[in-house]
Every structure is written in structure tokens, then in C-alpha cells.
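K.L.:
Below are the sequence and a predicted model for it; my questions follow.
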Amino acid sequence: MEKAHHLGVDIGGTKVAFRVEADGRCVDESSFPWGPRHSAARDLARLTAHVAALRARLGAPLRAVGVAMPGTVGRDGRITAWPSRPEWDGLDLDGALRALFPEAAVAWADDGDLGALAEARASGCEDLLYIGVGTGIGGGLVLRGELCPGLGRGSFEIGHVIVDMGGARCVCGRRGCLQAIASGPATLRRAGELRGAPAAFEDLRRALHDEERWAVAALEETSRALAAAVSGVQELVHPERVLIGGGFAAGVPGLVGMVSGHLAGLARPGRPPLPVEPAALGGLSSLRGAVSLARLVAA
């Protein structure tokens, strides 16, 4: 009997990751970086070529595909906003994905929501806030084992919660969004300003290890902004814990401890701060959530 292959695709701001599972086991995992921004058509051509190579490796059809998508998708299946790749605005995502995977059931959801769903299952916690810190900031909220507000009912946009009214301008056009202050690129820009020279990710990691002042100060600002956003969520919906993941956060182990420290400083009497932990799946939360989505649509 032919195995049912479930594909998860995590479309990020700087790379696209793929994971294929059959009988609950990973049988193929791959990724490619996005090149310089040109057009949605060129991006889709790269996706098509990678999927063709993946099919050739598998030698079998895909049963279902789940896609983690950072852009905002309207009810008509068209992308209404993706600030990191505005060339995709207006793209018929539904039509493009069904053309790319004609043999499979296809569904998509917000990458942060899918990351939260995967983390809730991996950690065995039914009430948690997940924040993914990477090229942007995504996140999701799981309450009583269910996504809030729920698949197909809007996404949990913690990256666009305003934490500093006079803060940096966000790619969405507003000022002071969490993403504009605490994302990987925003942290590196601030680190470069404090250093007086450009700071790449590895520069920041080395400097943090050596406790250089500019690096610590840059990450402190990031952790303060994250703690402020978490504190606001806690006051409204009372999750049991906070998990921080995403590619940038996974590469900076000290970030979780800093957020926890700032969150303790924001606690008010009678309301202890939420425990903050690293995401169980590291930078792979959204990808694993996309595979879970594929299983859901195949059921």
C-alpha cells in the first residue's frame, strides 16, 4: 500500500522550508533562501522548481499540503498585505497553491498560529502564548487546546502590537510595533548603531558571549519590548506559559532569560509573571505546524 505523504511548507521572509512526513516520520526535509526581491512570478518559479525536485526524490504523489504563510490573506484567497515581500500583494494564493499541488488537498494558515499549535502539542500545554522571533515577529495563542481566534477566523498578530508609541517605524507603516523593535533585523540594526559599525548575526552572537556592551544593550531593548507585549497578553487572557522560538531567538540563547527578567519587573501585586521558556521546536515550529495542518486537511 502506497504511503500517504503530508507536506508542510513554511514560507518565510528570507527562506522557504519543506518537510514531508509519512506514517508520522520525516522522509524529506529541505529549504532554499529567497534571493533578492524581484517579482511574485519569479518567487513562484523558484517554488515550482524546488517542488518538482522534491517530487522526484519522493517518487510518489502528495496527499495533502499545509502552508505556513506570514502574509495576510483575504477571504477570497488573495494576499492583502505582506510587508516583507510586497510584490506578493494581490496574488491569488489559493489559485497559485492549487496549481502548484494539483494532486493534493491544500490549506494555508498564519505561520505564527501554526507555530503555536505545534508548540502546544510538543509541550503538552493547552494554554500557551508562542512568539516566533525571526525576520519578523509572529505568534499564536492556544487556549484550552484550541487556537485563538481560530483557523480561518483571523490571525494572532502580536508582532503588530504597539509597545512604544514613539518607536521605530514598522514595515506595516505604523510606529512602535513589536516587530519594528524586537525582530532579528531590527535588533541587528540597533546593534550596528550602538557598535558604530554594521553588526551581522554572528557578530552579535560572539559579542554577547564576550558580554560586549553594545550587544547586550541591543538585546536588552529587544527583550524589554517582548516582555511588554507578553505582559499585555497576560492581563487579557491568562495563558499558562510563554514559549519563545523562531530562527533568531533559537540562535541567541540568552534572549529567553532576559525576557523573563523584564517580565518579572512588570509583574503587579497578586499576578506573578508568566514562566518563559525556549520553544520546544526551536526555529521549526511553523514548519511542524504546517505538517500538522496537512494532516488535518487530509483527514
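P.N.:
Cool, the structure landed.
K.L.:
Any regions of the protein where pLDDT drops low?
P.N.:
1-2, 152-154 (pLDDT under 70).
K.L.:
how about the lengthiest helix in the chain: buried residues?
P.N.:
Of all the elements of type helix in the chain, the one with the most residues (DSSP state H) is helix 213-237. Residues of helix 213-237 classed as buried under the neighbour-count rule (16 or more other Cβ atoms under 10 Å) are 214-216, 218-219, 221-234. For every residue, glycine as well, the C-beta is placed using N, CA and C.
K.L.:
What ranges does the stretch 51-200 of the chain have for its helices?
P.N.:
Using DSSP state H, counting those that start in this stretch, the helices of the stretch 51-200 of the chain run over 93-100, 111-123, 178-182, 184-195.
K.L.:
Show me the one of those that comes nearest Gly66.
P.N.:
helix 111-123 (7.4 Å; Cβ to Cβ).
K.L.:
what packs against the closest one?
P.N.:
If you count contacts as 3 or more Cβ pairs under 8 Å, 6 or more residues apart in numbering; DSSP states H and E, helix 111-123 packs onto strand 62-69, strand 128-133, strand 137-143, strand 146-148, strand 241-245, helix 285-298.
K.L.:
tell me the most buried of these?
P.N.:
strand 128-133 (a mean of 30; mean count of other Cβ atoms under 10 Å).
K.L.:
next one: that strand to chain centre, how far?
P.N.:
8 Å (Cα atoms, centre = their mean, to the nearest Å).
K.L.:
what are the pairing partners of that strand, and which direction each?
P.N.:
Each strand that pairs with strand 128-133, with its direction, by DSSP bridges: strand 137-143 (antiparallel), strand 241-245 (parallel).
K.L.:
Using JSON lines, lay out those together with distance to Gly35.
P.N.:
Formatted as JSON lines, those follow (distance: least, Cβ to Cβ, whole Å):
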{"stretch": "strand 137-143", "distance to Gly35": "22"}
{"stretch": "strand 241-245", "distance to Gly35": "26"}
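K.L.:
Now the helix or strand encompassing Ala264 - C-alpha only, CSV.
P.N.:
Assessed by DSSP states H and E, Ala264 sits inside helix 254-266. Taking Å, rounded to 0.1, in the frame of the first residue of the first chain, the C-alpha atoms of helix 254-266 are listed here in CSV:
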residue,chain,number,x,y,z
GLY,A,254,20.3,34.5,26.4
LEU,A,255,17.2,36.1,25.0
VAL,A,256,14.7,33.9,26.9
GLY,A,257,16.3,34.7,30.2
MET,A,258,16.3,38.5,29.5
VAL,A,259,12.6,38.4,28.6
SER,A,260,11.9,36.5,31.8
GLY,A,261,13.8,39.1,33.9
HIS,A,262,12.0,42.0,32.3
LEU,A,263,8.6,40.3,32.7
ALA,A,264,9.3,39.9,36.4
GLY,A,265,9.9,43.6,36.6
LEU,A,266,6.5,44.3,35.0
